[in-house]
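[1] Structure here, sequence nowhere to be found:
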């Protein structure tokens, strides 16, 4: 694999040499004041006849400038402005080179841009907030993700997902280019911190130039602005490390110039660094567009619980990954993006789980399970995108291929019964998304969106010796139980939209159609003591065909306020859903008409705050995995089947958000309230015993109400050199459960609060303290009285970073967690890590020694609870690990 990646990196480097020559205009000149002094940092802009910017630049310290831009056969104007001077504007002649000698007249000028004049630099320009990386960088930082986690107003969760002032980041650009789309952890984990000049937050990000003025965006993105030196050379980094039964290594090739950007990596480790998580899609968007279907699996080995702590303490892994990510900037605003990756993972999971079910009409049911599993994954991902993004036309076509192959094996003990399990799962997904936006004159655009997707999933669950003898083999012992599930899906969606603009009012009308075809085949086989394989019975067989035809329109009105917008939208939809089960001789044909309204209000309140309010209604229908009528063994202890009409879920959502940010004071805070009401025409009825669960979906008017209030407050105190963040949330759910023939209303409440303090004690010492508290209270009303349980948890993290000299630094980190339930004894976990870094003078490399889990805690315990369940979970941890790493640049 490594040789292929190295050859591909060489190919990308060779291709870069062919992408620099093109015809262009060149303008140059000097800018001076009325007495002949040069004006430095004057803004140079070239615009077309509509006022759209073509290229931007600034004068140097001698007042000189030079700009090259592509000839688009239009009329162009040059605009020059400087702080305290009147703006200069002049038409450009249609010739390749022009030189100007410009004198600007002084004038009074009101400053619109806010700039922090301090050691920690941050500025606000329009909708872009700019963080100077050097103002936040520390000596131990290796990649830009280390700095992003410390920027005021920005939070990074355990998975690497980024939020800004409480709003999820959609994309991370590199010098304005979308190289990785939602898989932006590849950038934050691999771009060296020394290659970055600024981290920029782009609020209301709307990258499609042809849609400017026609849509109002809620998206927030980051842009990693590179240093000049990083744009002129290839950056190659890597490291290798070894320790007690531990190894790690990686090689990175990064190319960042005008015509090509690339991040190519090869990584491997067995120290608990999850390489699958690095390639996961973390982006989020509020756009109302049709997305790809996610393949759904039915079967599992019932081992989804994982510790609520860092993976480096418990993940027993052997991971290998390689990726090639390249963006080629072609002529006439065209771009070609290629993303290729391969994963080979091996994971070992061991755990104990004791679950108690509190039921009003039965004694408490307890289930004890022990699992010792090995999971293996071989996955290939290929993605190719061609894109043209200009002010008059936008074209994007993206094709994706995903081929994950899981093989899970393990030994399980449920109460007193022991057995082995094997679960191979093969998937393939192929899709194409095509978008076209074309300007029709000045105030009209035509938009086309098309999506075609095919996927299939083959699942198999083998259990030996056979279990649940009373159900599948008349109470007699047998050798093997084999559940097979095959799912296939074809999804097509096509639509066209016309938008027209009347000053501040934008009207939109769309028409489209969709078709989805699914098939589900399931079979349950048993192998008797004579090694003869036979089907268990027709009641365990499914052969379901599912078709959903949809025709829809979309009408919307967007009114652009001076600093905000009001939008009203409706998506009237006619759906015809037909499905049949050959084995059960059952078929249905249903038609529905839906309105799906949406109302949204956005308003900037002054310079620093904004208010967003949104109300939406949406209806979702069940899929083929929700309508089969034959039983399926979904895991070793649970059989599922359905006795209901087509599942229908109506969701009403109201959300209001207030956000404030004042960069000059480094002050950020936000408050969010949301309410969701979910109405369903079914409920899942569970029959629970000590060794068996039966799930039956039955007809029932089911309602669930959810309330959520959360907020964040972030402030940097300059006199104290103290950065602190406070966050909190309050959530409540109200609904019904159906267990052992009794419907029990429940109420769940969750309260959480946390704080992060980061203090510069001395010029070379930084102390960071994190604390989190959470409490969960669950109540259910039974015919025999009220059943309630309450759990609480506390987390603490302290980190000490000390730069002893320019060559030596070290850090200490301590983690502590506590879980409490009722009157039981609290469950505690603690970890201590140590790290020392030595960077010899004038070396482009450094040595690093790490010790992980120095106290050698060998078992992690946590408590989980819900309305009628309480579980105590235990997992063995990795042994104390010593690791010596050598990091280098070449």
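    Ah, there it is. This one's a predicted model, so the numbers in the text were calculated from it and none came from an experiment.

[2] so where's the chain shaky on pLDDT?
    Residue ranges of the chain with pLDDT under 70: 1-24, 49-53, 70-73, 94-95, 108-120, 284-289, 303-304, 823.

[3] mind giving me the domain ranges of this structure?
    2-103, 255-889 (automatic domain parsing).

[4] Would you mind finding the most buried of the ones you listed?
    For the domains of the chain, the largest average neighbour count (mean count of other C-beta atoms under 10 Å) is found in domain 255-889, namely a mean of 17. Every residue, glycine included, has its C-beta placed from N, CA and C.

[5] Relative to the whole chain's centre, how far out is that one?
    9 Å (C-alpha atoms, centre = their mean, to the nearest Å).

[6] What's the end-to-end length of that domain?
    14 Å (C-alpha to C-alpha, to the nearest Å).

[7] on that earlier part again, which one of the domains of the chain lies nearest to residue 177?
    domain 255-889 (5.5 Å; C-beta to C-beta).

[8] just to revisit the earlier point, tell me which of the domains of the chain sits nearest to residue 213.
    Smallest distance to residue 213 across the domains of the chain (C-beta to C-beta): 6.4 Å, for domain 255-889.

[9] phi, psi of residue 358?
    Main-chain dihedrals, residue 358, degrees, to the nearest 10: phi -100, psi 110.

[10] Same check on residue 209?
    The phi/psi pair for residue 209 (degrees, to the nearest 10) reads phi -60, psi -40.

[11] if we can go back for a sec, make TSV from the domains of the chain and add distance to residue 243 to it.
    Formatted as TSV, these follow (distance: least, C-beta to C-beta, whole Å):
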stretch	distance to residue 243
domain 2-103	22
domain 255-889	4
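
[12] closest one to residue 204 among those domains?
    Nearest of the domains of the chain (C-beta to C-beta): domain 255-889, 8.5 Å.

[13] helix/strand/coil for the residue positioned nearest the centre of the chain?
    Of all residues in the chain, the one closest to the mean position by C-alpha atoms, centre = their mean is residue 282, 1.5 Å from it. In three-state terms, and counting by DSSP: H, G, I helix; E, B strand; the rest coil, residue 282 is coil.

[14] do you know how far residue 596 is from residue 493?
    If you measure residue 596 against residue 493 using C-beta to C-beta, to the nearest Å, the figure is 15 Å.

[15] List the pairing partners of the host helix or strand of residue 760 within its sheet, with orientation.
    Element membership of residue 760, judged by DSSP states H and E, is strand 742-762. The strands that strand 742-762 pairs with in its sheet are strand 722-739 (antiparallel), strand 765-782 (antiparallel) (by DSSP bridges).

[16] that older thread, minimum distance to residue 228: which of the domains of the chain has it?
    Ranking the domains of the chain by proximity to residue 228 (C-beta to C-beta) places domain 255-889 first, at 10.6 Å.

[17] and residue 232, which of the domains of the chain is closest to it?
    domain 255-889 (6.9 Å).

[18] Tabulate the strands paired with strand 742-762 (JSON lines), appending distance to residue 887.
    Below are these laid out as JSON lines (distance: least, C-beta to C-beta, whole Å):
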{"stretch": "strand 722-739", "distance to residue 887": "27"}
{"stretch": "strand 765-782", "distance to residue 887": "21"}
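
[19] between those, which gets nearest to residue 710?
    strand 722-739 (3.6 Å).

[20] before we move on, the earlier item: shouldn't the residue nearest to the centre of the chain be in contact with residue 182?
    Yes. The pair residue 282 / residue 182 is scored as a contact, 5.9 Å apart, by C-beta atoms under 8 Å.

[21] coming back round to it: of the domains of the chain, which approaches residue 209 most closely?
    Nearest to residue 209, of these and by C-beta to C-beta, is domain 255-889 at 4.7 Å.

[22] now the helices for the stretch 101-250 of the chain?
    Using DSSP state H, counting those that start in this stretch, the helices of the stretch 101-250 of the chain run over 144-148, 185-188.

[23] The last one packs against which elements?
    Applying 3 or more C-beta pairs under 8 Å, 6 or more residues apart in numbering; DSSP states H and E, we find helix 185-188 packed against helix 144-148, strand 167-174, strand 260-269, helix 275-278.

[24] Tell me which residues are up against that helix.
    Outside helix 185-188, the residues within contact range by C-beta atoms under 8 Å, 6 or more residues apart in numbering are 143-145, 148, 160, 162, 172, 174, 179-180, 224, 263, 265, 277-280, 282, 323, 325.

[25] Same question for stretch 853-866.
    Applying C-beta under 8 Å, 6+ apart, the contact partners of stretch 853-866 are 305, 307-309, 313-314, 748, 776, 778, 789-791, 793, 817, 819-821, 827, 829-834, 870-881.
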